[in-house]
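Enquirer: Sharing a model prediction with you, sequence too.
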Amino acid sequence: MGQSTFPVPSSGSSTSTVLPVNASSVILDGSLTSASTYTTTVNGNGGIAYLTATDNPAFFTIGGNNYTVTANSVVATTTVIGSSASVTVASASGTGAPTAFTSTGTLPSTNAWQSVAFGKGTFVTVASNGNSAGAYSTNGTSWTSMTLPGAIGWQSIAYGNGYFVAGGSAYTNAAYSTNGYTWTSSSLSVNNYWMSIVYGNGTYVAVGQTSSGTATTVGNYSTNATTWTAMTMPASRVWYGVTFGNNIFVAVSGTGATGYGAYSINGINWVSTNMPSSSIWQSVAYGLIGTTPTYVAVAFATTAGAYSTNGTTWTATTMPSSSSWDSVTFGGGYFVAVPQTGTATAYSSNGTTWTAGTLPTSTSWNSVTYGNGTFVSVNSTNTPAYFTQSPALPVNFGIYNGPTTIN
């Protein structure tokens, strides 16, 4: 990087070698080899900055804005960096099996907190019981209330390409946000329960069921997070979950085996697939296990699980208990599933063999997500839970001065 200012790399490590285009000089570089977090002030040139990381992902907070930089990549800031700008650099991933979740600070109100997502260093959750309630957190443990546009009940939320996107229940209501706490309303094409939303390859995809809770072929997609267009799923089903990974969208539905999955290359045109058993396939997630793309699906009120390495053909797996598995996510090297009732979680490092874990209370756990080394799960009360992995170190990082004007 041309120079080493602070912190000095420890023995055997080196500073970031990822060189961003158009960088003019080094502001800060170093290696977090023994501490998981470092805070200082930097002097920028009044333009944007480029953030880099190698070895492991890094999480930057600069001027009150959060940025997650994956290993061996570069992220440009959205704000200018002047003199005496506050900077915090931390490990953005972790290690360790998520064996037992811990109760965290209460959410701002007692609602059916239905879905939670992570992006831009922020966890955001929405409630479905006929109101405009939402909440956000920068650490997964302390929460601040926010208001969504429309007291209609919010069913799903996702993050991608700089936007949080939320879908309502039994209405056409949708909403989008660039920070997770100030929201603008938008509209979907029909009155559906929009059960799941995902982003991939420039497209947001929403799937669900009709406003009366029955099967439908109607889904929606958007290329800008603000305007939505109807698309057709391959069969009339109650589509509960959708994910994206390895350039494929994958959706699951219930109840059944033949034709109860689907995949799409573009999020618009879909092809049906067969699930390995006749179950209510409730949720699906994608993770990269080593170099192997892996999709995992979990089912409601059964021990049935499934995995796929291509998103089109599925193999049965067995969950550690017959729980009402409601949500599954991937992060920190693990798939994690939570149930709609009970205290049993499940985790897997390969998507095929599962181990039982625990939640702090027996309630309706509706959603789980992962960000910055922490799993967060929300439920139908105001008592979410979290599990934080140990930091993944070293984090070799760099901050470069960028141009003084943004084109």
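Expert: Now that the structure is in, tell me what you want to look at. Keep in mind that this is a model prediction, so the values were computed, not measured.

Enquirer: Test of understanding: give the bridge partners of I81.
Expert: Here I81 sits in beta bridges with G47, going by DSSP bridges.

Enquirer: what's the spacing between it and L19?
Expert: 18 Å (C-beta to C-beta, to the nearest Å). Glycine gets a C-beta too; all of them are placed from N, C-alpha and C.

Enquirer: cool, A346 as well?
Expert: A346 is 42 Å from L19, by C-beta to C-beta.

Enquirer: more crowded one of these two?
Expert: A346 (23 against 13; other C-beta atoms under 10 Å).

Enquirer: I'd guessed the more buried one sits against T317; true?
Expert: No. If you go by C-beta atoms under 8 Å, A346 and T317 don't touch, sitting 10.3 Å apart.

Enquirer: anything in contact with each of those two?
Expert: W354 (C-beta atoms under 8 Å, 6 or more residues apart in numbering).

Enquirer: ok, now which ones touch G331?
Expert: Taking C-beta under 8 Å, 6+ apart, we find G331 in contact with S93, G287, T369, Y370, G371, F375.

Enquirer: just how off-centre is stretch 375-385 within its chain?
Expert: Distance, stretch centre to chain centre, for stretch 375-385: 15 Å (C-alpha atoms, centre = their mean, to the nearest Å).

Enquirer: What of stretch 341-361?
Expert: 18 Å.

Enquirer: Residue numbering should commence at 18 henceforth.
Expert: Got it, first residue is 18 now, which makes that one stretch 358-378.

Enquirer: what's the first-to-last distance across it?
Expert: With C-alpha to C-alpha, to the nearest Å as the measure, the first residue of stretch 358-378 is 10 Å from its last.

Enquirer: Not counting its own residues, what contacts that stretch?
Expert: Applying C-beta under 8 Å, 6+ apart, the contact partners of stretch 358-378 are 114-120, 304, 306, 311-313, 315, 322, 324, 332, 334-338, 340-342, 350-356, 379-382, 394, 396, 400, 402.

Enquirer: Just the buried ones from those residues?
Expert: 114-115, 118, 304, 306, 311-313, 315, 322, 324, 334, 336-337, 340-342, 350-356, 380-382, 394, 396, 400, 402 (16 or more other C-beta atoms under 10 Å).

Enquirer: what's the distance between V255 and T405?
Expert: Noted for V255: a distance of 34 Å to T405, by C-beta to C-beta.

Enquirer: how far does stretch 309-323 sit from the chain's center?
Expert: Here stretch 309-323 is found 18 Å from its chain centre; the criterion is C-alpha atoms, centre = their mean.

Enquirer: ugh, wrong one, stretch 354-366
Expert: A distance of 17 Å separates the centroid of the chain from that of stretch 354-366, by C-alpha atoms, centre = their mean.

Enquirer: and if you look at stretch 249-257?
Expert: Relative to its parent chain, stretch 249-257 has a centroid offset of 23 Å by C-alpha atoms, centre = their mean.

Enquirer: Tell me the buried residues in it?
Expert: M250, P251, A252, R254, V255, W256, Y257.

Enquirer: Need the CA coordinates for stretch 161-172. CSV is fine.
Expert: C-alpha atoms of stretch 161-172 as CSV (Å, rounded to 0.1, in the frame of the first residue of the first chain):
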residue,chain,number,x,y,z
THR,A,161,-34.4,1.7,18.1
SER,A,162,-37.9,2.1,16.8
MET,A,163,-38.7,3.4,13.3
THR,A,164,-41.9,3.7,11.3
LEU,A,165,-42.8,2.1,8.0
PRO,A,166,-45.1,3.9,5.6
GLY,A,167,-48.6,2.4,6.1
ALA,A,168,-50.1,0.6,9.1
ILE,A,169,-50.8,-2.5,7.2
GLY,A,170,-48.6,-5.1,8.7
TRP,A,171,-45.2,-6.0,7.3
GLN,A,172,-44.3,-9.6,6.4
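
Enquirer: what's the helix or strand for the nearest residue to T244 once chain neighbours are set aside?
Expert: Closest residue to T244 apart from its sequence neighbours, by C-beta to C-beta, 6 or more residues apart in numbering: S203 at 6.7 Å. Here S203, judged by DSSP states H and E, is contained in strand 201-217.

Enquirer: Just the CA coordinates for that strand, please, in CSV.
Expert: Extracted in CSV, the C-alpha atoms of strand 201-217 (Å, rounded to 0.1, in the frame of the first residue of the first chain):
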residue,chain,number,x,y,z
THR,A,201,-40.5,5.5,1.2
SER,A,202,-43.7,3.7,0.1
SER,A,203,-44.0,1.8,-3.1
SER,A,204,-46.5,-0.7,-4.6
LEU,A,205,-46.5,-4.3,-5.6
SER,A,206,-48.9,-5.6,-8.3
VAL,A,207,-51.5,-7.5,-6.3
ASN,A,208,-52.8,-7.9,-2.7
ASN,A,209,-50.7,-10.8,-1.5
TYR,A,210,-49.0,-11.8,1.7
TRP,A,211,-45.5,-11.2,0.5
MET,A,212,-43.8,-13.9,2.5
SER,A,213,-40.2,-13.6,1.3
ILE,A,214,-38.0,-11.1,-0.6
VAL,A,215,-34.4,-11.5,-1.9
TYR,A,216,-31.9,-9.6,-4.0
GLY,A,217,-29.6,-10.9,-6.6
